[in-house]
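> generate a structure from the sequence data that follows.
(one chain, ligands or ions: 1)
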Amino acid sequence: MKISVIGSGYVGLVTAACFAELGNKVTCIDISKQKIQSLKQSKIPFYEPGLENLVEKNLKCKNLSFTSKYADAIEDKIYFICVGTPQRKSGSVNLDYLFAAIDSLLKEFQQGIDQDSKRHIFIKSTIPPGTIRKIEKKVLLRKLNFSVSISSNPEFLKEGSAVNDFMKPDRVVIGSDSNTAKKICKELYKPIIWKSNRFIETTPESSEIIKYASNAFLATKISFINEIAKLTDFYGGDINEIRSGMGSDVRINPNFLYAGIGFGGSCFPKDLTGLIHSFKKAKINPELIKATVNVNNEQKEYFLRKIYKLYSPKELSKKTITIWGIAFKSNTDDIRESVGIKIVKALSPKVAKINIYDAIAIKNAKNELSNLSNISFNKTLASSVKNSHFLVITTDSKEFWSFDHDLLTTLQDNRIFDGRNMLDIDAMSALEIEYFGIGRG
Ligand code: NAD
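A predicted model of the protein is given here:
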């Protein structure tokens, strides 16, 4: 099929490259001319495993092309919109990019020569309930000579494993009133969904809510285990044992039950705030979801208090500390709403110096932290702990599971604050390192 993907960010580029890999002819549109220029040369503006190869391969075989002109995609007739839907200060969802993309498409439709065939727009961006209906009204106002279907097709990929998630989805959800749109969507996803057959057809409203509710549920699991972890910090026990014990129950399952410094990233924080806003508009008080957010906001403070309990402000002001991991999670360079970034910003005015190590996200972190004068970035784990007093781990990067533990012996205070429970307590005590995890007694 010939399709257009609008937006070439984490979701758009993965969608475009994967649909191209599945044999479709895909035009990917972005308003950022700079991004399009580099994408035309197979240069990916962010880190996502496996994506660069896919883009390069499909550019070469001409299944994939990039443009900043909507007019270039006007013949495609099937459009996937993947632009950002960030949070406004008020907590509401900023749909300006989405509506701008829709307006650009509609403008092109009106100017197009071929006015007689139907167009289908699928919204992959995460949108609050009621958005599809709003877009439908916008389309009606244009009084077009042909019909345009608007459907919700939320994306569930995870940064760091986005290509794999797209190609092996747990489910594909399509929320639409149009049978033709559902048929097109089923056809497009058939090569990756035929085995599991988890193609879920819903109303637009259900589809919009499925995405928000899924993220809110996962976030609630994280806040739940973080709250329980406080109990093990007080009474003893180990939250990892509790996770295994609880998670063995298939009704609970152990995924997303890792205690830590709380969730960040470009999705959970904004989607929970957006969801709360939708509840507010409906005059319903979302007590559970608000509690999830509150527990999460408190979790970073809870972790920082572990440091403040051991060091007076005066002592802390003389310390050089090391932070491992600055992205919001492993295997990505995305630092949006990263708890690691927030921890650096909180500690920077209180300590003498911070050495930061992250294998992937340093470029983004440098931009974000450019106004902090006591920060330095390190290329290796070893150089980051040299002359440092203590170590703080804020990202769950795989390399922190297994590295040469001897390099930790250079820590002058023999202390580690592990915000992701990565390190082995026995190994730390063998090195005579005082270890502070989350909920590990
Ligand atoms: P992003 O910020 O990485 O990318 C958005 C892209 O859209 C940018 O390249 C921007 O230049 C482009 N854009 C903005 N306005 C445009 C317009 N009018 N026309 C063409 N291009 C335009 O965003 P993202 O992380 O890919 O997220 C996109 C959507 O998908 C959001 O709604 C997000 O909540 C949702 N989502 C994200 C993830 C994720 O892990 N990042 C997962 C699932 C869903």
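> can you list the residues of the stretch 201-350 of the chain near the ligand?
Residues of the stretch 201-350 of the chain found near the ligand (CB under 6 Å from any ligand atom) are S266, C267. Heads up, the C-betas are built off the backbone N, CA and C, glycines and all.
> show me where the stretch 201-350 of the chain has helices.
204-235, 239-247, 268-281, 287-310, 313-316, 339-347 (DSSP state H, counting those that start in this stretch).
> among those, which comes closest to L39?
Closest approach to L39 among the helices of the stretch 201-350 of the chain (CB to CB): helix 268-281, 25.0 Å.
> which residues are in contact with the closest one?
85-87, 90-93, 126, 128-130, 211-213, 215-216, 218-219, 263, 285-286, 289-290, 292-293, 296, 337 (CB atoms under 8 Å, 6 or more residues apart in numbering).
> rounded mean pLDDT for it, please.
Mean pLDDT, helix 268-281: 97.
> got it, and stretch 47-62?
Rounded mean pLDDT across stretch 47-62 is 97.
> quick one: is it near the ligand?
No: judged by CB under 6 Å from any ligand atom, stretch 47-62 stays clear of the ligand, getting no closer than 9.6 Å.
> can you give me the buried ones in that stretch?
Y47, E48, L51, L54, V55, N58, L59 (16 or more other CB atoms under 10 Å).
> for the third one, give me phi and psi.
Recorded main-chain torsions at L51 are phi -70, psi -40, according to degrees, to the nearest 10.
> picking up where we left off before, reformat the helices of the stretch 201-350 of the chain as JSON lines; add distance to H389 and mean neighbour count.
Formatted as JSON lines, these follow (distance: least, CB to CB, whole Å; neighbours: other CB atoms under 10 Å):
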{"stretch": "helix 204-235", "distance to H389": "23", "mean neighbour count": "19"}
{"stretch": "helix 239-247", "distance to H389": "26", "mean neighbour count": "17"}
{"stretch": "helix 268-281", "distance to H389": "31", "mean neighbour count": "20"}
{"stretch": "helix 287-310", "distance to H389": "11", "mean neighbour count": "17"}
{"stretch": "helix 313-316", "distance to H389": "9", "mean neighbour count": "11"}
{"stretch": "helix 339-347", "distance to H389": "12", "mean neighbour count": "21"}
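> would you reformat those helices as TSV and include distance to D103?
Shown next, in TSV, are those (distance: least, CB to CB, whole Å):
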stretch	distance to D103
helix 204-235	19
helix 239-247	47
helix 268-281	22
helix 287-310	32
helix 313-316	52
helix 339-347	34
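> these: which one's closest to F436?
helix 287-310 (5.0 Å).
> and that closest one with helix 268-281, angle?
Using axes from the mean of the first three to the mean of the last three CA atoms, to 10 degrees, the direction of helix 287-310 lies 140 degrees away from that of helix 268-281.
> for the buried residues of stretch 47-62, which one is nearest the ligand?
E48 (9.6 Å; CB to the nearest ligand atom).
> what helix or strand is that closest one on?
E48 is part of no helix or strand when elements are defined by DSSP states H and E.
> the nearest residue to it once chain neighbours are set aside and I81, how far apart?
Among residues not flanking E48 along the chain, A162 sits closest, at 5.3 Å (CB to CB, 6 or more residues apart in numbering). Applying CB to CB, to the nearest Å, the value for A162 to I81 is 17 Å.
> looking at those two, which one has more neighbours?
I81 (27 against 24; other CB atoms under 10 Å).
> tell me the spacing between the more buried one and A259.
Counting by CB to CB - I81 and A259 are separated by 37 Å.
> is the spatially closest residue to F390 that is not a sequence neighbour bridged to anything, and to what?
Nearest residue to F390, sequence neighbours excluded (CB to CB, 6+ apart): R415, at 4.1 Å. With DSSP bridges applied, the residues forming beta bridges to R415 are F390, E434.
> wait, doesn't R415 sit right on V392?
No: look at R415 against V392 with CB atoms under 8 Å: they stay out of range, at 9.5 Å.
> comparing those two, which shows the higher neighbour count?
V392 (27 against 20).
> and the more buried one, what does it touch?
So V392 contacts I307, I321, T322, I323, W324, I343, L347, I416, F417, G419 (CB under 8 Å, 6+ apart).
> got a pLDDT number for the residue nearest to F390?
pLDDT, R415: 98.
> ok and the residue in the stretch 301-441 of the chain nearest the ligand?
D334 (7.1 Å).
> I'd say that residue and A327 touch.
Yes: counting by CB under 8 Å, a contact exists between D334 and A327, whose distance comes to 6.0 Å.
> shared neighbours of the two, anything?
A361, N364.
> between the two, who's got more neighbours?
Legend: neighbour count by other CB under 10 Å for D334 and A327, higher for A327 (30 against 24).
> ok, the residue of the stretch 301-441 of the chain closest to the ligand - contacts?
Per CB under 8 Å, 6+ apart, neighbours of D334: Y10, F46, E159, G265, S266, A327, F328, A361, N364.
> spatially nearest residue to the fourth one (excluding sequence neighbours)?
Using CB to CB, 6+ apart and skipping residues adjacent in sequence, the residue nearest G265 is F328, 4.1 Å away.
> what sits against that neighbour?
F328 neighbours (CB under 8 Å, 6+ apart): G264, G265, S266, D334, I335, R336, E337, S338, V339, G340, T395.
> kindly recompute the last result at 6 Å.
Residues near F328 by CB atoms under 6 Å, 6 or more residues apart in numbering: G264, G265, D334, S338.
> try K379
With CB under 6 Å, 6+ apart, K379 has no contacts at all.
> for the residue of the stretch 301-441 of the chain closest to the ligand, which non-adjacent residue is closest in space?
In space, D334 is closest to E159, 5.4 Å off (CB to CB, 6+ apart).
> count of neighbours near that neighbour?
25.
> next one: the one 4 residues further on
Close neighbours of V163, defined as other CB under 10 Å, add up to 19.
> what's it sitting at in phi/psi?
Dihedral angles (degrees, to the nearest 10) for V163: phi -70, psi -50.
> equivalent analysis for E108, please.
The phi/psi pair for E108 (degrees, to the nearest 10) is phi -70, psi -40.
> that one and the ligand, how far apart?
12 Å (CB to the nearest ligand atom, to the nearest Å).
> now do the contacts for that residue.
Counted by CB under 6 Å, 6+ apart, E108 has contacts Y70, A71, I74.
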